[in-house]
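Novice: Sequence first, then the predicted structure:
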Amino acid sequence: MAKFEMDTEFVRKLVEILEENDLGEIELADGDRKIRIARPAVTYAAAPTTIAAGAAPVAAAGPAGPAAAGDFTKHAGAVKSPMVGTAYLAPEPGKPNFVAAGDKVTAGQTLLIIEAMKTFNPIKAPKAGTVVQILIENAQPVEFGEALMIVE
């Protein structure tokens with residue numbers, strides 16, 4: 001069996017590419033030689049103590065929990081999560097929420113952000129209308145396709 005020699009400088013460059021582009025993994029193959037570099041999976045859990053006191057009335061206004069939010073996935077005005085991640089209703093802790101129930105929004109206006117793989121992804125209003133209901137709490141983990149808000 002032939003000895004496999006590793007070019008450590010090449011590996012360092014691959015790691016830099018991984019980090020610069022916020023990728024989860026890189027895999028390259030050259031004949032029967034293969035290299036795979038991956039970041040460890042990090043799971044974030046929102047602690048109940050991190051939810052701001054001002055967020056409780058929003059949660060109380062609508063159904064709480066994924067099971068109740070699932071009832072709205074077929075609603076015509078449902079804004080659904082395009083990814084798995086953690087949803088935040090405000091741009092940063094201590095700042096006001098992007099929107100509140102009853103707010104009028106324009107098409108393309110940011111409603112909330114979802115953090116996935118350390119990237120904050122704005123979730124925009126698909127149409128102009130009024131935010132009828134917010135179905136999630138701040139810093140709540142969300143699933144792909146889960147209803148987040150109702151905009152009519």
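Specialist: Everything's here; your move. Residues are numbered from 1 along each chain as shown.
Novice: Only C-alpha atoms from now on, for both contacts and neighbour counts.
Specialist: Noted.
Novice: does the residue most central in space within the chain have beta-bridge partners, and which?
Specialist: A centroid search over the chain (C-alpha atoms, centre = their mean) returns Ile114, at 2.8 Å, as the residue closest to the centre. Beta bridges link Ile114 to Ala87, Asn121, judged by DSSP bridges.
Novice: what's the distance between it and Arg12?
Specialist: Remark: distance between Ile114 and Arg12 (C-alpha to C-alpha, to the nearest Å) = 30 Å.
Novice: domain parsing for the protein?
Specialist: Domain ranges of the chain: 8-38, 54-151, per automatic domain parsing.
Novice: Just the mean pLDDT for the shortest one, thanks.
Specialist: Average pLDDT, domain 8-38: 78.
Novice: Following the top helix by length along the chain in sequence, what is the next regular element?
Specialist: For the chain, the longest helix by residue count, based on DSSP state H, is helix 8-20. As assigned by DSSP states H and E, the chain's next helix or strand after helix 8-20 is strand 25-30.
Novice: Could you list the buried residues of that following strand?
Specialist: Using 16 or more other C-alpha atoms under 10 Å as the test for burial, strand 25-30 gives no buried residues.
Novice: Over to stretch 104-120?
Specialist: Buried residues in stretch 104-120 (16+ other C-alpha under 10 Å): Val105, Gln109, Thr110, Leu111, Leu112, Ile113, Ile114, Glu115, Met117, Phe120.
Novice: Could I get the contacting residues of the fifth one?
Specialist: Which is Leu112. By C-alpha atoms under 8 Å, 6 or more residues apart in numbering, Leu112 lies in contact with Ala87, Tyr88, Leu89, Ala90, Pro91, Asn97, Phe98, Val99, Pro122, Ile123, Lys124.
Novice: still on that earlier bit, any idea which of the domains of the chain is most buried?
Specialist: domain 54-151 (a mean of 17; mean count of other C-alpha atoms under 10 Å).
Novice: got the residue ranges for the strands in this structure?
Specialist: Counting by DSSP state E, one finds strands in the chain at the ranges 25-30, 33-38, 78-80, 85-88, 104-105, 110-116, 119-124, 129-134, 140-142, 147-151.
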